[in-house]
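Asker: build me a model:
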Amino acid sequence: MKPMTFGILVVVTLAAIGGAYYATQERKEITAGSFEKRPLYPDLLSRVNEVTELRVASQADGSLTMRREGDGWVLAEKHNYPADFDKISQNLVAVASMEILEPKTKRPENHADLFVEDVEAPEGTITRSVRVTARAGADTVADLVVGKSRPVDVGGGVFVRKKDQDQVWLVDGSYQPNTKALQWLDRNIVNVDSRRIVRVELKHADGATAEAAKPDIASEDMAYASPVPEGKKPKPAHEMNNLANIPDFLILDDVRPAEEMDWDGPTTLGRYTTYDGMTIVMTAVEEGDNTWFRLRAEPSARDPRLDAFVEEHQGQDSPQGRMADEMKPAETVAEEIAALNEKLAPWAYRFTAYKTDKATSRPGDLLQDASIGQ
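Answerer: Numbering: from 1, shown residues only. The predicted structure is shown next:
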């Protein structure tokens, strides 16, 4: 289909849905001759691995600066906490792979309608654009203003503009960069499979203690292990299992240097002990409406039954086999403890609301009236 023919179809479609502005722009901006699809940044794909800084800026969320540091990336605005390498790589490749479909307006007065106005604007002016800048050392290899997406039913694509140019382009794809810090962080804190957990202890500043443990090495479920008051009984096993799940795929909702926190006040201490010789210790402290956690790993006694259990069940397609497959040799556990402490020591974390609630459970949260279910 020739570009002019395509443009006429788009005008008809958009007029039908009230997109008069876009119809007018299509008529004005699309040239009568053919437009050859070409890369927006022809040399960037070959230089992606040279990029040392990626900056994303929006009026609503401010600036975020990801920098290469050693073998990884950090987010400057979050105290140089590790950033999500895969997210950064995906964004760089997305920008480097952009291909121009059509030229659009060159008129600065029309930029705001396509959300490709400058992010920086006079006070009182609202901007909806996102600026993406990539640098390789001192060399700026991309500086792009990303605007709105064109509806898929009229061809899709994204309106973009190079920062130092007035020309707006329609490029292929649906690229919309994230603008919030949380979306760029490496959110993984620890990942200790719940099948490795044999005991959980939660101790509060007022002395209240809740414990759950697996009764046998082959047990799939945790059981309440603290004294049960008269008239009460433990909640079902899945409530106990939620405690073992806390260090399983534990992710952050926020992070800050641990040295900024006051750890001398009332705390909740959680201990998550594995069969194979590790305990994850979580100290929780309240600050305003938030709960912050400091974590460390320490060695613990390896279950004397474990090696025989692993030898008997490892590799089997059964609950016990899958459990045995998660267990680690003593040497591997020692390396895991060292690596976790190096990662965790400098930081205080906020968890998701769900895991915060479970990690600060009190005995009453795990008990119910004895008459329930009778």
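Asker: give me the neighbour count for the closest residue in space to Arg294 that isn't next to it in sequence.
Answerer: The spatially closest residue to Arg294, leaving aside those adjacent along the chain, is Thr283, at 4.8 Å (C-beta to C-beta, 6 or more residues apart in numbering). Just so you know, the C-beta spots here come from the backbone N, C-alpha and C atoms, and that holds for glycine as well. Using other C-beta atoms under 10 Å, Thr283 has 17 other residues around it.
Asker: need the contact list for Thr283.
Answerer: 263, 267-270, 293-295 (C-beta atoms under 8 Å, 6 or more residues apart in numbering).
Asker: take these and lay them out in CSV including secondary structure, pLDDT and distance to Asp84.
Answerer: Formatted as CSV, those follow (DSSP: H, G, I helix; E, B strand; the rest coil; pLDDT from 0 to 100; distance: C-beta to C-beta, whole Å):
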residue, secondary structure, pLDDT, distance to Asp84
Trp263, coil, 94, 28
Thr267, strand, 93, 30
Thr268, strand, 96, 29
Leu269, strand, 97, 30
Gly270, strand, 98, 26
Phe293, strand, 98, 20
Arg294, strand, 98, 22
Leu295, strand, 98, 20
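Asker: so what does the helix or strand hosting Leu170 touch, helix or strand wise?
Answerer: Assigning secondary structure by DSSP states H and E places Leu170 in strand 168-171. In terms of contact count using 3 or more C-beta pairs under 8 Å, 6 or more residues apart in numbering; DSSP states H and E, strand 168-171 is assigned the packing partners strand 99-103, strand 158-162.
Asker: partners of that strand, with directions?
Answerer: In the sheet, strand 168-171 lines up against strand 99-103 (antiparallel), strand 158-162 (antiparallel) (DSSP bridges).
Asker: of those strands, flag the one that's most buried.
Answerer: Of all the strands paired with strand 168-171, strand 158-162 carries the top mean neighbour count, a mean of 23, counting by mean count of other C-beta atoms under 10 Å.
Asker: for it, which outside residues touch it?
Answerer: 40, 98, 104, 111, 114-116, 143-150, 167-176.
Asker: drop anything exposed from those residues.
Answerer: Buried members of the contacts of strand 158-162, scored by 16 or more other C-beta atoms under 10 Å, are 40, 98, 104, 111, 114-116, 143-147, 150, 168-172, 175.
Asker: on that earlier part again, using JSON lines, lay out the strands paired with strand 168-171 together with distance to Arg350 and mean pLDDT.
Answerer: Below are the strands paired with strand 168-171 laid out as JSON lines (distance: least, C-beta to C-beta, whole Å; pLDDT from 0 to 100):
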{"stretch": "strand 99-103", "distance to Arg350": "41", "mean pLDDT": "97"}
{"stretch": "strand 158-162", "distance to Arg350": "33", "mean pLDDT": "98"}
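Asker: distance of Leu344 relative to Glu230?
Answerer: Using C-beta to C-beta, to the nearest Å, we find Leu344 at a distance of 41 Å from Glu230.
Asker: the more surrounded of these two?
Answerer: The neighbour count for Leu344 versus Glu230, taken as other C-beta under 10 Å, is higher for Leu344 (21 against 5).
Asker: residues contacting the more buried one?
Answerer: With C-beta under 8 Å, 6+ apart, Leu344 has these contacts: 189-190, 294-297.
Asker: 6 Å instead, please
Answerer: Leu295 (C-beta atoms under 6 Å, 6 or more residues apart in numbering).
Asker: hmm, back to that, could I get the buried residue list for the helix or strand containing the residue nearest to Arg294?
Answerer: Per DSSP H and E: Thr283 is located in strand 278-287. For strand 278-287, a neighbour-count test (16+ other C-beta under 10 Å) marks 278-285 as buried.
Asker: just put those in a markdown table and tack on pLDDT and distance to Gln59.
Answerer: Formatted as a markdown table, the buried residues of strand 278-287 follow (pLDDT from 0 to 100; distance: C-beta to C-beta, whole Å):
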| residue | pLDDT | distance to Gln59 |
| --- | --- | --- |
| Met278 | 98 | 46 |
| Thr279 | 98 | 46 |
| Ile280 | 98 | 41 |
| Val281 | 98 | 42 |
| Met282 | 98 | 38 |
| Thr283 | 98 | 38 |
| Ala284 | 97 | 36 |
| Val285 | 97 | 35 |
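Asker: how about the residues you listed in JSON lines, adding distance to Leu243?
Answerer: Output for those, formatted as JSON lines (distance: C-beta to C-beta, whole Å):
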{"residue": "Met278", "distance to Leu243": "16"}
{"residue": "Thr279", "distance to Leu243": "14"}
{"residue": "Ile280", "distance to Leu243": "12"}
{"residue": "Val281", "distance to Leu243": "14"}
{"residue": "Met282", "distance to Leu243": "11"}
{"residue": "Thr283", "distance to Leu243": "16"}
{"residue": "Ala284", "distance to Leu243": "14"}
{"residue": "Val285", "distance to Leu243": "20"}
